[in-house]
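**Q** What shape does this take:
(chains A and B)
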Amino acid sequence: MEERLIDDSIANIKIEIQGRGAQEVPSGTTAQHFLDDIGGRLKKEALAAKLDEDVIDLHTPLYRSGKLQFLTFENNEGAEALRHTASHVMAQAVKRRYENVKLGIGPAIKDGFYYDFDFDKPLSPEELEIIENDMQAIIKEDLPLERFEISREEAQKLFEERGESYKLELIADLEDRETITCYRQGEFIDLCAGPHLPSTGRLKTVKLLNLAGAYWRGDENQPMLQRIYGTAFPKKKMLEEYLYRLEEARKRDHRKLGRELDLFSFHDEGPGFPFYHPKGIVVRRELESFWREKHRKYGYQEVETPIILNKELWEKSGHWDHYQENMYFTRIDERDYAIKPMNCPGSMLIYKMGMHSYRDFPLRLAEMGLVHRHEKSGTLHGLMRVRSFTQDDAHIFMLPEQIEPEVEGVMELVDIFYNVFGFKYHVELSTKPSKSMGTPEMWEKATAALQNVLENKGVEFKINEGDGAFYGPKIDFHLEDSLGRTWQCGTIQLDFQMPVNFDLTYVGADGQKHRPVIIHRVVYGAMERFIALLIEHYAGAFPLWLAPIQVIVIPITDKQHHYALEVYDVLNHHGIRAELDTRSEKVGYKIREAQVQKIPYMLVVGDREMNAHEVAVRSREKGDLGPLPLDIFLKQVQEEISDKKR
RNA sequence: GCCGGUGUAGCUCAGCGGCAGAGCAGCGCAUUCGUAAUGCGCAGGCCAUGGGUUCAAGUCCCAUCGCCGGCUCCA
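**A** Model prediction:
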């Protein structure tokens, strides 16, 4: 849409609309024109349009032929137009009410929009409601949004007059552009590529959600702006549903469930250092034993290396130069030591203990390693981001030609693990960071190898520029929390550097010494983070194999205590994590409590069950399942556990 | 680390210059009950910490710490 034809206002253009054929109309006709013709629901619901591949306004004249398609809220791009317009309306409201406020940027994002402002004095959360009301007024005014293009010079003058220094920076960055696109609604003008709704009145429901700080251009050396987050929907009901979903998601928050289910805790005495409670550690140990079982099968050997190692080791590994600000240090006998932030140097020392033949490769050394990293205080987040965590690490020593099959093998392992829990995940390829070791060729080779595997396997991935480890590029696996925030879990890092730093060798078929290649990889990532994600994923209702308490026996009266104890003993002796509730409470009360604790099975035993040597099974999800002979129940439960049924 | 908010009983919260409260949980007693809350009673607090203002401070101000939402950073 940039390359509009010169002086074509008389010429006709040919617009094709799916299901309606092509028609010739005068150049300068708008998408809205066709909509008015079509009418009906689409007319009401269309928010923007697409001419071939260009997303455009409904109300901006068309100057070229093409295929026209209408975008509603159901299309991502339609929703973005709606929310982007909402962000402009918010900015307009803010500019009307506050003096000397400068505009940053205000894009549409997943589920909403934000706008960054530089205020004279900080905004308080109460003011959001006032701004929201002001927005309603602007919506009522039904101001048309006008798109216009001006020259760079004009744009500079325009935003300079308005005191918009941040916008001037943005314009300066649009170096290659002759003309600059702006949108105007009433007295408000913004630098913007669009598209937008035809008028502010087309916005129906807007809601401002929260207030946050954000560095200008995401750079911590730049000024901090105030960001207002909000959302917009075409229907009030959709907003209500969204807010309800948000509230439901908050109930799944692992920090809340962790406390309610007595899984773990944090204390002021050690911010960022998690404490596992008895129930929490059950979940973790189950995950670990599953991990050990699978890793043995996949050809890994387990090792364990010390938590504290001397400074010289970390100098050699490169951590001293590249990772120091994240490390903790201590002194022993007047000498400097570091608490390990990664497990690799320890494994390197094990590798170096003897000679290695190419025949031993790939050598896979796995380690459940506890690492400590100094994370900035503001980044700590429950179990998701902590300062000490256990990585389910492994280092694979191998021949260069084993890279691709090994990377592939790890990817398969990750897939197997995540599928057991029913996790959906996405993959990113992280490339060379600014702070890194090794030659550009090494990085290129390693990055290409990883990309190759991803492409050969047909895995969708996005490239995460500059986010690799300091010693090599990586493939990252990301999982979503209950609020849709994503967290990196699994990672596969390719490393040509550590073998050099540690002078690692193997003897090849030629009898000569060669340099091995290393993969650093984790599957869960960090046990802490993975457990946090599991809690949110299951909303605290762990599948039977992970449940801290698997079965609770609930006698109805004292008369059945003896039999209930017998049932409990049988379960317990068969390795089932069972509890017995002999308190003098009504069944309803005991069941409620067990439900709240999300215990998978409740066994109600009264006179009937006692006499028939049965148990009345109640499932957490399905409710009363009726009576069953104890041995049958036991068998079913054992099967469910060993199948790791979800 | 930065910006904003916030911190009262184990949990959820009320109190916002004038004697520290409620519900749930806990404990005791009674109750012996059939699938999501039995009744009565009793306890429980350096109102995050340290300063300040005031005749008087959970309450107002400042600082520190923790936590929450973001930003930056990362498993």
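
**Q** use CA for all of it now, contacts and neighbours both
**A** Fine.

**Q** just the CA coordinates of stretch A:294-305, formatted as PDB?
**A** Written as PDB, here are the backbone C-alpha positions of stretch A:294-305 (Å, rounded to 0.1, in the frame of the first residue of the first chain):
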ATOM      1  CA  LYS A 294      14.200 -42.800  31.500                       C
ATOM      2  CA  HIS A 295      17.800 -41.600  31.400                       C
ATOM      3  CA  ARG A 296      19.200 -45.000  32.200                       C
ATOM      4  CA  LYS A 297      17.200 -46.300  29.300                       C
ATOM      5  CA  TYR A 298      18.500 -43.600  27.000                       C
ATOM      6  CA  GLY A 299      22.100 -44.300  27.700                       C
ATOM      7  CA  TYR A 300      23.000 -41.800  30.300                       C
ATOM      8  CA  GLN A 301      25.200 -42.400  33.300                       C
ATOM      9  CA  GLU A 302      24.700 -40.400  36.400                       C
ATOM     10  CA  VAL A 303      27.300 -38.300  38.200                       C
ATOM     11  CA  GLU A 304      27.400 -35.800  41.000                       C
ATOM     12  CA  THR A 305      29.900 -32.900  41.400                       C
END
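
**Q** got a list of contacts for it?
**A** Contact with stretch A:294-305 is made by A:343, A:346, A:347, A:363, A:364, A:365, A:366, A:367, A:368, A:369, as judged by C-alpha atoms under 8 Å, 6 or more residues apart in numbering.

**Q** Let's see that with 7 Å instead.
**A** A:346, A:364, A:365, A:366, A:367, A:369 (C-alpha atoms under 7 Å, 6 or more residues apart in numbering).

**Q** how about TSV for those residues, with neighbour count added?
**A** Putting the contacts of stretch A:294-305 into TSV (neighbours: other C-alpha atoms under 10 Å) gives the following:
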residue	neighbour count
A:346	20
A:364	23
A:365	21
A:366	26
A:367	24
A:369	24
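
**Q** Identify the farthest-apart pair in these.
**A** Farthest pair in those (C-alpha to C-alpha) is A:364 and A:369. Separation: 14.9 Å.

**Q** taking the contacts of stretch A:294-305 one by one, which sit in helices?
**A** Of the contacts of stretch A:294-305, the ones assigned to helices by DSSP state H are residue A:346.

**Q** Which of the contacts of stretch A:294-305 lies at the shortest distance from RNA strand B?
**A** residue A:369 (11.5 Å; C-alpha to the nearest atom of the strand).

**Q** Who are the contact partners of the closest one?
**A** Residue A:369 neighbours (C-alpha under 7 Å, 6+ apart): A:304, A:343, A:390, A:391, A:392, A:393.

**Q** Strands along the stretch 101-250 of chain A, start to end?
**A** A:102-103, A:108-109, A:112-118, A:146-151, A:179-185, A:188-191, A:205-215, A:224-233 (DSSP state E, counting those that start in this stretch).

**Q** Could I have the buried ones of the contacts of residue A:369 as ChimeraX selection syntax?
**A** In ChimeraX, this line selects whichever of these come out buried by 16 or more other C-alpha atoms under 10 Å:
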select /A:343,390,391,392,393
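
**Q** can you redo the contacts of residue A:369 as a markdown table with distance to RNA strand B, secondary structure and pLDDT?
**A** Compiled in a markdown table, the contacts of residue A:369 are given as follows (distance: C-alpha to the nearest atom of the strand, whole Å; DSSP: H, G, I helix; E, B strand; the rest coil; pLDDT from 0 to 100):
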| residue | distance to RNA strand B | secondary structure | pLDDT |
| --- | --- | --- | --- |
| A:304 | 18 | coil | 97 |
| A:343 | 11 | coil | 97 |
| A:390 | 8 | strand | 97 |
| A:391 | 7 | strand | 97 |
| A:392 | 10 | strand | 97 |
| A:393 | 10 | strand | 97 |
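
**Q** just to revisit the earlier point, among the strands of the stretch 101-250 of chain A, which comes closest to RNA strand B?
**A** Comparing the strands of the stretch 101-250 of chain A by C-alpha to the nearest atom of the strand, strand A:205-215 comes nearest, at 3.4 Å.

**Q** tell me the pLDDT at residue A:7?
**A** Listed pLDDT for residue A:7 reads 51.

**Q** Equivalent analysis for residue A:40, please.
**A** pLDDT, residue A:40: 81.

**Q** Could you chop chain A up by domain?
**A** A:2-72, A:78-247, A:264-306+A:341-537, A:551-642 (automatic domain parsing).

**Q** Many thanks, have a good one.
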